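>>> Need coordinates for the below:
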Amino acid sequence: MSEFLPGYVLERGSGSGRDRDRLLTFMQNTYTELFPGRNFPQLESAIARFFSAETPLQWVQCSNRSGWNPIAGLWLGSAIEQGTGERQTHILLLYVMPEHRRKGIGAALVRYAETWAKMRGDRQIGLQVFETNLPALSLYQALGYGTQSRWMTKSID
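Sure, this is the predicted structure:
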């Protein structure tokens with residue numbers, strides 16, 4: 001582990017069961033914050049399907065705490081840019097616990113993802129963000145991300 005930001009360290013996930021459990025917790029937290037009162041049973045199968053050595057996890061921990069207790073996580077994967085057919089890095093999940101937000105952790109994790117993407121030869125990085133997640137939209141826009149496509153839905157109940 002090395003100092004990531006003052007007071008925080010970055011640690012690569014090992015792919016262990018505790019990594020999967022914490023990833024599931026962070027994914028559930030993300031969706032629960034955006035859609036209170038709902039359950040998300042599909043998240044466990046998404047992790048089972050996509051989590052591998054090729055989709056690395058990074059954890060952020062407070063440097064002054066002992067034991068393993070991540071306060072933020074970054075899960076990376078790959079996608080194909082449909083316009084060019086080129087592989088690109090895809091941010092599958094970026095989550096920071098509420099009490100640690102607005103301290104630069106999210107921006108630092110995005111910069112980490114961009115560096116990782118460049119190191120493996122990708123020329124583009126992408127992510128999906130809900131239009132109602134205004135803090136995340138603001139962060140990504142401040143870091144130079146823009147809308148490339150729009151996923152539209154309609155309830156047909």
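
>>> Which parts of the protein are strands?
Here the chain has its strands, by DSSP state E, at 2-5, 8-12, 57-62, 72-80, 87-96, 125-127.

>>> now the ones you listed as TSV including distance to residue 40, mean neighbour count and mean pLDDT?
C-betas here are computed from N, CA, C, even on glycine. What follows is these, written out as TSV (distance: least, CB to CB, whole Å; neighbours: other CB atoms under 10 Å; pLDDT from 0 to 100):
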stretch	distance to residue 40	mean neighbour count	mean pLDDT
strand 2-5	28	13	77
strand 8-12	26	16	94
strand 57-62	19	21	96
strand 72-80	15	20	96
strand 87-96	13	21	97
strand 125-127	19	17	96
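
>>> how long is stretch 80-100 end to end?
End-to-end distance for stretch 80-100, by CA to CA, to the nearest Å: 32 Å.

>>> Show me the contact partners of it.
23, 26-27, 29-30, 33, 50, 55, 60, 71-79, 105-106, 109-110, 113-114, 116-117, 120, 122-127, 136 (CB atoms under 8 Å, 6 or more residues apart in numbering).

>>> So what's the gap between it and the chain middle?
Chain-centre distance of stretch 80-100: 7 Å, with CA atoms, centre = their mean, to the nearest Å.
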